[in-house]
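> No letters, just coordinates:
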């Protein structure tokens, strides 16, 4: 029984180990990178295409509060009519 389990576990571990490929990204054989965007003369590289756009990962524009503070009066915080 243990030998049968080992026979099935070994290929599973080999496939799992293959998931950690660290080689540079390249297009598949016979395929090319996408065309250059409108207004750009050169094609972006694979690394440039993998960088998220600024809208996809925006930076924080406000500082986090370090301690509690009294809230200022909000003139738009009105009760429902």
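Looks like it arrived, so ask away. Keep in mind that what you see is a predicted model, and the values were worked out from it rather than measured.

> Let me know the pLDDT of the residue nearest the centre of the chain.
Nearest to the mean C-alpha position of the chain, counting by C-alpha atoms, centre = their mean, stands residue 52 at 6.8 Å. Reading off the confidence values, residue 52 has pLDDT 86.

> Is it in a helix, a strand, or coil?
coil (DSSP: H, G, I helix; E, B strand; the rest coil).

> and it, how far is that from residue 58?
10 Å (C-beta to C-beta, to the nearest Å). C-beta coordinates here come from the backbone N, C-alpha and C atoms, glycine included.

> what does residue 75 give?
Applying C-beta to C-beta to residue 75 and residue 58 gives a distance of 28 Å.

> Could you look up the SS state of residue 63?
coil.

> burial of it, as a residue count?
Residue 63 has 6 neighbours, counted by other C-beta atoms under 10 Å.

> Quick one: classify residue 7 as helix, strand or coil.
Applying three-state DSSP: residue 7 is helix.
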